[in-house]
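Trainee: Structure of the sequence below:
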Amino acid sequence: MNKPSNPNPCDKYLSDRDYLLHMIPHHQVAVDVSIEMQQKSNNPVMHEILRELIWTQNKEIMTMKDVFRNIPDIISSGKLEMNKKYRNTVMDYIKTASDPTAECNPDFFNPELHTNIQMCNLIIFNLLY
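Mentor: Here you go, the predicted structure:
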């Protein structure tokens, strides 16, 4: 794949292509960390969560790669007016637990840095299993 024209994934102004170029490796990090976690955990509930997460993230990676390959330049660049008809879902009305004061960390989108940070700080307590 290409390199993003905007190297900062935390910028407010990302093209569709730049967004996908940052998000694909971000999702790959979730897959990689989950695969490594499968080797460390003896918890059957965690293994179920990890299998589902790996499958879901891989599906999303394939979808994003497909969109990236097929997205017209005119749409990605913002030169075309978007059809802004939006259909609300239940999730639009549910408060999330995300921290509104949290800041975007560009390292979170770098697979090498993110995986190393996550796995270095990962301590597994399997004593109950």
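Trainee: Which helix runs longest in the protein?
Mentor: What stands out as the longest helix in the chain, according to DSSP state H, is helix 44-70.
Trainee: Any stretches of this protein with poor pLDDT?
Mentor: Counting by pLDDT under 70, the chain contains low-confidence ranges at 1-4, 6-7, 11-12, 73-87, 90-102, 104, 107-129.
Trainee: can you do 50?
Mentor: When residues are selected by pLDDT under 50, those of the chain lie in 126-129.
Trainee: ok, which stretches of it are helices?
Mentor: Read by DSSP H, the chain holds these helices, from start to end of the chain: 16-40, 44-70, 73-76, 111-120.
Trainee: Out of those helices, which is the most enclosed?
Mentor: Between the helices of the chain, helix 16-40 has the highest mean count of neighbours, a mean of 17, where neighbours are mean count of other CB atoms under 10 Å. C-beta here means a position set from N, CA and C on the backbone, and glycine is covered the same way.
Trainee: So which elements touch that helix?
Mentor: Counting by 3 or more CB pairs under 8 Å, 6 or more residues apart in numbering; DSSP states H and E, the packing neighbours recorded for helix 16-40 are helix 44-70, helix 73-76, helix 111-120.
Trainee: So what angle separates the directions of the longest one and helix 16-40?
Mentor: Think helix 44-70. Counting by axes from the mean of the first three to the mean of the last three CA atoms, to 10 degrees, helix 44-70 points 160 degrees away from the direction of helix 16-40.
Trainee: Which neighbouring elements make contact with helix 44-70?
Mentor: Using 3+ CB pairs under 8 Å, 6+ apart as the contact criterion, the elements in contact with helix 44-70 are helix 16-40.
Trainee: if I look at Lys65, how far off is His47?
Mentor: In this structure, Lys65 lies at 27 Å from His47, with CB to CB, to the nearest Å as the measure.
Trainee: show me what contacts Asp66?
Mentor: Taking CB atoms under 8 Å, 6 or more residues apart in numbering as the definition of contact, Asp66 has no neighbours.
Trainee: burial count for Asn88?
Mentor: Using other CB atoms under 10 Å, Asn88 has 7 other residues around it.
Trainee: Kind regards, and thank you for your time.
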